[in-house]
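> what follows is a predicted protein model with its sequence.
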Amino acid sequence: MSDSPVFDDLLDEQREFPPPAEFAAKAVVSGDGLHRKGQDDYQAFWEEHARELDWYQPWDTVLNWTPPHAKWFEGGKLNITHNCLDRHLGTWRRNKAALIWEGENGEVRTLTYQQLHGEVCRFAAALKGLGVTRGDRVAIYLPMIVEAVVAMLACARIGAIHSVVFGGFSPESLADRINDSSCKVLITADGGWRRGAILPLKNEADKALEKTPCVEHVIVVKRPAGEPFPCRIKGGRDHWYHRLMESAANDCPAEEMDAEDVLYILYTSGTTGKPKGIVHTTGGYSVGTYATSKYVFDLRDDDVFWCTADIGWVTGHSYVVYGPLQCGATVLIYEGAPDHPEQDRFWELVARHRVNVFYTAPTAIRAFMKWGDHLPAKYDLSSLRLLGTVGEPINPEAWMWYHEHIGGRRCPIVDTWWQTETGAIMISGLPGVSTMKPGHAGTPFPGIEATILDEQGNEVRTGSGLLAITKPWPSMLRTIWGDDERYVQTYFTKWDAQTYFPGDGAKRDAKGNYLILGRVDDVLNVAGHRIGTMEVESALVDHPAVVESAVVGRKHDIKGEAIVAFVTLGGGRSLDDALRYDLKAHVVQKIGAIARPEEIIFASDLPKTRSGKIMRRLLRDVAEGRVLGDTTTLADGAVVEQLRESYEEKYGG
Ligand code: PRX
């Protein structure tokens with residue numbers, strides 16, 4: 001736990017930022033009434049918010065909890081796209097911008113709720129025309145373009161289960177995910193812009209498609225602007241999106257889904273080499289993303305909301321698409337990188353689109369800090385009224401910089417803790433209510449019950465322990481696709497079947513504000529992205545030169561953590577620069593660029609405990625230069641022995 005990159009700085013944080021009076025006066029919620037409601041009766045709290053959405057048929061029971069399996073709003077029928085789209089059409093929001101999209105090359109597209117509804121209905125009808133029906137799985141491998149949102153909503157409209165795979169994942173990762181949930185259709189694009197270059201997505205997808213016999217149809221979006229990127233269209237299997245749309249019916253009624261019907265699967269890394277297909281269902285997820293968007297982001301009808309996450313991650317699902325659209329917000333989507341063409345791109349976008357609420361990751365904030373204060377200072381950022389962060393602990397310096405240079409000292413900052421598994425924000429201040437403290441995520445969202453436990457399940461009142469969620473919540477994952485046993489084992493056996501174990505360390509201050517310390521398992525958080533050490537290790541040992549490997553995270557100023565891999569090589573081979581390069585490229589090829597090790601260190605042997613467990617903590621010390629100074633090799637067995645001794649001395653082996 002003390003390995004968190006920000007941990008040490010945070011314990012003595014004394015600065016406090018109460019809600020600015022002007023903000024609180026207009027906030028969607030102020031005072032502690034909402035928190036009290038949640039505490040008094042969490043089921044009644046969620047039920048009240050479920051009532052704010054449209055249902056075809058009301059639920060019979062709010063919660064059916066057979067630990068560790070929860071069913072929320074059983075008997076209820078709804079469709080999340082009705083609440084995201086149709087519901088707004090009978091109001092003035094019909095002609096309000098739902099999406100404002102900007103491509104990396106500056107092209108802008110705006111879709112009103114009416115227009116987005118039209119696109120979604122047409123694409124839903126096109127999917128039906130290809131034989132996609134309720135319960136079928138559809139993989140989405142797209143850049144951040146309007147069609148990505150349309151594709152997700154079109155699946156949800158007809159009851160198909162989407163599985164979005166981040167466009168930066170390799171063909172092999174894509175194939176694994178497609179096969180794990182036997183997707184029938186893959187939706188991709190000819191290419192997407194990234195830092196002025198085209199990512200050849202369809203060509204990448206073609207490599208995956210060689211290994212995915214379950215895929216019957218591939219739909220290819222022609223990236224709307226710029227050069228059409230050359231790609232192969234296989235007759236009978238591959239279809240251009242725009243051609244399907246030309247002939248699709250304009251209308252496609254939303255399927256009446258059961259509250260517990262699966263809405264989507266999203267893969268995330270765990271402690272084994274195989275990513276987990278996190279399963280979210282319809283009713284509870286709708287309610288959780290709706291209520292958190294409304295209160296945490298204080299969404300108002302004239303707001304432009306910009307969450308910078310890619311739809312390949314859960315943040316993109318919950319706070320680019322489902323949450324804000326259910327609230328009827330205007331959502332800005334940007335296709336490209338923050339430093340293209342210049343490092344001021346985000347601030348130029350904020351100023352030009354008059355963004356009011358801005359939500360990003362600490363890793364981005366640290367990069368902005370490094371790029372310089374003068375960049376945001378060039379722009380009029382006065383439209384901003386609320387800022388948010390997500391994905392990893394934020395160090396107080398970055399928090400203060402964000403507060404001062406982006407928020408002009410007037411915007412509250414919501415530091416939101418949650419996970420792919422939780423579906424929606426779990427711990428966060430509410431901007432009109434809570435006093436914010438740099439680096440602290442704040443208190444549990446109303447209706448969420450959390451605590452801190454030790455390994456034995458005793459509550460930890462002072463000091464650090466393990467974060468635990470003690471009551472079920474509507475947007476919780478329901479299972480792991482095809483592996484319910486892993487669901488139970490991973491999340492509900494640490495203490496008892498009632499208590500969810502998120503895998504994070506935490507600490508509380510005297511006022512009950514949570515300080516999240518980072519992962520306590522073998523999961524890394526690199527630039528806000530979860531990567532399992534085992535996944536990277538498996539990729540490395542897949543290379544013919546590598547016999548064994550161990551991967552650890554090293555503190556990194558911008559990324560939070562960087563990947564350091566220790567490798568033992570076969571046949572007395574030594575690690576030269578060419579092989580180092582080759583090994584990094586191999587990991588990128590197997591997993592994707594986000595998993596590229598920053599450093600590869602040769603070890604003649606990996607230090608293990610007597611029971612054969614790799615001493616990761618020792619390796620982390622080595623990687624960060626704590627044990628042996630600037631060590632770049634563990635070639636000497638005696639060095640390993642020495643490492644082991646010092647490790648056992650320090651941690652008791
Ligand atoms: O370690 C926590 C960290 O990100 C993990 C969840 O990652 P993922 O499922 O990819 O979802 C990220 C976006 C919701 C958590 O277990 N994390 C997320 N938010 C925070 C955080 N750590 C500290 N502070 C946060 N606000």
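Noted; the coordinates are in hand. Numbering: from 1, shown residues only.
> for the ligand, what's the nearest residue on the stretch 351-500 of the chain?
Proximity to the ligand, evaluated over the stretch 351-500 of the chain using C-beta to the nearest ligand atom, is greatest for residue 420 at 3.4 Å. Placement of C-beta: from N, CA and C, glycine included.
> what's the helix or strand for that residue?
Element membership of residue 420, judged by DSSP states H and E, is empty: it is in no helix or strand.
> distance check, it against residue 155.
Separation of residue 420 from residue 155 (C-beta to C-beta, to the nearest Å) stands at 18 Å.
> neighbour-wise, which of those two wins?
Counted by other C-beta atoms under 10 Å, residue 420 and residue 155 do not tie: residue 155 has more neighbours, with 28 against 19.
> just give the closest residue to the more buried one, not the sequence neighbours.
residue 162 (4.1 Å; C-beta to C-beta, 6 or more residues apart in numbering).
> where does the one you found fall, phi/psi-wise?
Per-residue torsions, residue 162: phi -90, psi 150 (degrees, to the nearest 10).
> how many other residues sit next to the closest residue to the ligand within the stretch 51-200 of the chain?
Using C-beta to the nearest ligand atom, the single residue of the stretch 51-200 of the chain nearest to the ligand is residue 166, 10.6 Å away. Residue 166 has 20 neighbouring residues, counting by other C-beta under 10 Å.
> spatially nearest residue to it (excluding sequence neighbours)?
If you skip the residues right next to it in sequence, residue 166 has residue 312 as its closest partner in space, 2.7 Å away by C-beta to C-beta, 6+ apart.
> what sits against that neighbour?
Residues in contact with residue 312 (C-beta atoms under 8 Å, 6 or more residues apart in numbering) are 164, 165, 166, 167, 168, 169.
> tabulate those (a markdown table), appending secondary structure.
What follows is the contacts of residue 312, written out as a markdown table (DSSP: H, G, I helix; E, B strand; the rest coil):
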| residue | secondary structure |
| --- | --- |
| 164 | strand |
| 165 | coil |
| 166 | coil |
| 167 | coil |
| 168 | coil |
| 169 | strand |
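> farthest pair in those?
Of all pairs drawn from the contacts of residue 312, the one with the largest separation by C-beta to C-beta is 164 and 168; the distance is 12.2 Å.
> near the ligand, which residues of the stretch 401-550 of the chain?
Proximity of the stretch 401-550 of the chain to the ligand is confined to 415-420, 441, 502-504, 516, 518-519, 525, 530 under the rule C-beta under 6 Å from any ligand atom.
> quick one, phi/psi of the residue nearest to residue 16 when sequence neighbours are not counted?
Of all residues beyond its chain neighbours, the one nearest residue 16 is residue 435 (5.1 Å), with distances taken as C-beta to C-beta, 6+ apart. Dihedral pair for residue 435: phi -80, psi 120, per degrees, to the nearest 10.
> hmm, back to that, beta partners for the residue nearest to residue 155?
Listed by DSSP bridges, the beta-bridge partners for residue 162 are residue 138, residue 264.
> for this structure, give me the ranges with low pLDDT.
1-11, 224-228, 627-653 (pLDDT under 70).
> remind me, longest helix of this protein?
Longest helix of the chain, by residue count under DSSP state H: helix 113-129.
> show me what that one packs onto, helices and strands only.
helix 87-89, strand 97-102, helix 146-158, helix 241-247 (3 or more C-beta pairs under 8 Å, 6 or more residues apart in numbering; DSSP states H and E).
> who in the stretch 201-350 of the chain is up against the ligand?
When proximity is defined as C-beta under 6 Å from any ligand atom, the stretch 201-350 of the chain approaches the ligand at 268, 314, 315.
> please enumerate the helices of the stretch 151-300 of the chain.
With helices called from DSSP state H, counting those that start in this stretch, the stretch 151-300 of the chain shows them at 171-180, 201-209, 241-247, 282-296.
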